[in-house]
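Student: could you look at this predicted model? Sequence included:
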Amino acid sequence: GNFLLPMFSAQNDKDETDRDFSEVMREIIEWMALPTNSNYQESYLQIVFGMITNPVTFLGAEFIEVYQKIKVKNGKGYETKEVLDEVLSGFKCPIYSSSQVLITNAYERNIQKQRRIIKRRYAEKDELEAKYGNHDNWEFVQSGVRSIYNDEDGLFYDIKDPDHPYLVAEETALTRRDDSEVCFVNGIYMGNPNIDENPIKHRDYRGAPKYNVVPFGYSRIGEHFFYYKSMMNVLGWDNMLYDAMSEIVMNRAILEVEMPIAVTGSDKIDSDVVFPNSVVSFEDKDTKVFPLLPNSNMFAGFKALQETQDSISRTSVSDTVSGQLPQATQKAYSVAQAQEAAKKLIGGVGKSLAISIVQYGDLMKDIALNNITTAEVEELLGGRLKMKYKSFTLENKS
């Protein structure tokens, strides 16, 4: 029902809580999350959906400055100049699926302790041209064609990518311990000409490098395993049991309503004499009609279905909590029971989500300190310089 945002607590040099700076940081983060300033809210929604279906979904934190060419009219016609592209620039929250972020150790849960991660995403060539168009190697990038290196002969080869004929792959390898971030677009190197000068772009307040993606998931598979169980995986066994039990119970219910019968004797029993309120007399005194199936305990079958449904509700969200109110005669009890189950759910899944949000807040804090709250130098008349800070506006704030 809401978008989660991290909270912040600042301390002064005496290790005392500084309420003013804490409040300022919280409001700056709230400003960063507004739809007018970033895609955080949209990405957060996708993260929650990803927790339902995927073993892991990653949320990235990036600050990008991309320039675009515009035409400006002057006295002689038009001239081309570069301005900041506000659509592609600023704080961004890209979503990465489980196959788009590769790790080196599946048994290490802390992503910052991974020796290396590789991020991969597909985009249109024009979009990445705004980011890498000035690189000397950009002219070699082709949509739908990837360059690969052959260890055996030491040569590069171009191969077609039939799965993405009109897109290009941006692949970035990051090694935190070595402070290295190297990017390739369809296999073409897009880093610094000096391969040893490719530091990781995301830095903390000390200038130390960090991986700028955070994993999100429904519940951990094990104590020492990186990936999660999705909600669909957690509910899978109950769901299969419910489907199988539903088929058994409903098939039996149909047979109970339209019970097959057996007839002994010479009289003919068919649809001509079998209808509601019909009275039939038999000529053959030995004619008998009886059901083929014995009586069954339908209550036990429906009770099993209810128990399975309750198990599914306990592991996800009950119908009552999602807005479907029960009958008036049992409303108070059902609502209380559903709320109790929801508290248990929040106790597990909510804490998993909260831990990831805290880690993501750490990345948002780095971007706020290093990019958004920094002063810009403005030249005044007479050659004097002045430090100018950005303004932040939050509506409905007293």
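Tutor: Cool, got the structure.
Student: and Glu108, what pLDDT?
Tutor: As summarised for this prediction, Glu108 has a pLDDT of 92.
Student: tell me the SS of Gln41?
Tutor: helix (DSSP: H, G, I helix; E, B strand; the rest coil).
Student: I'd say Phe63 and Lys92 touch.
Tutor: Yes: contact criterion Cβ atoms under 8 Å: Phe63 and Lys92 qualify, at 7.5 Å. Backbone N, C-alpha and C define where each C-beta goes, glycine included.
Student: tell me which stretches of the stretch 1-150 of the chain form strands.
Tutor: 10-11, 17-18, 57-60, 62-64, 67-74, 77-84, 90-92, 95-96, 101-103, 117-123, 145-150 (DSSP state E, counting those that start in this stretch).
Student: on contacts alone, who are the packing partners of the third one?
Tutor: Here strand 57-60 touches helix 40-53, strand 95-96, strand 213-216, going by 3 or more Cβ pairs under 8 Å, 6 or more residues apart in numbering; DSSP states H and E.
Student: the helix or strand hosting Trp237 - contacts with which helices or strands?
Tutor: Trp237 belongs to helix 236-257 when assigned by DSSP states H and E. Contacting helix 236-257 under the criterion 3+ Cβ pairs under 8 Å, 6+ apart are the following elements: helix 298-315.
Student: avg pLDDT for the helix it packs on?
Tutor: Computed over helix 298-315, the average pLDDT equals 68.
Student: got it, and stretch 350-363?
Tutor: Mean pLDDT, computed over stretch 350-363, is 88.
Student: list the buried residues in it.
Tutor: 352-353, 356-357, 359-363 (16 or more other Cβ atoms under 10 Å).
Student: residues contacting that stretch, please?
Tutor: 4-8, 29, 48, 51, 59, 61, 202, 204, 210, 212, 214-220, 228 (Cβ atoms under 8 Å, 6 or more residues apart in numbering).
Student: buried subset of these?
Tutor: 4-6, 8, 29, 51, 59, 61, 202, 210, 212, 214-219, 228.
Student: rewinding a little: CSV for the buried residues of stretch 350-363, including distance to Glu181?
Tutor: Compiled in CSV, the buried residues of stretch 350-363 are given as follows (distance: Cβ to Cβ, whole Å):
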residue, distance to Glu181
Ser352, 28
Leu353, 28
Ser356, 22
Ile357, 25
Gln359, 19
Tyr360, 19
Gly361, 22
Asp362, 18
Leu363, 15
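Student: quick check: pLDDT value at Ile103.
Tutor: 95.
Student: mind listing what the residue nearest the centre of the chain touches?
Tutor: Nearest to the geometric centre of the chain sits Ile47, at 2.3 Å (Cα atoms, centre = their mean). Taking Cβ under 8 Å, 6+ apart, we find Ile47 in contact with 57, 59, 95, 216.
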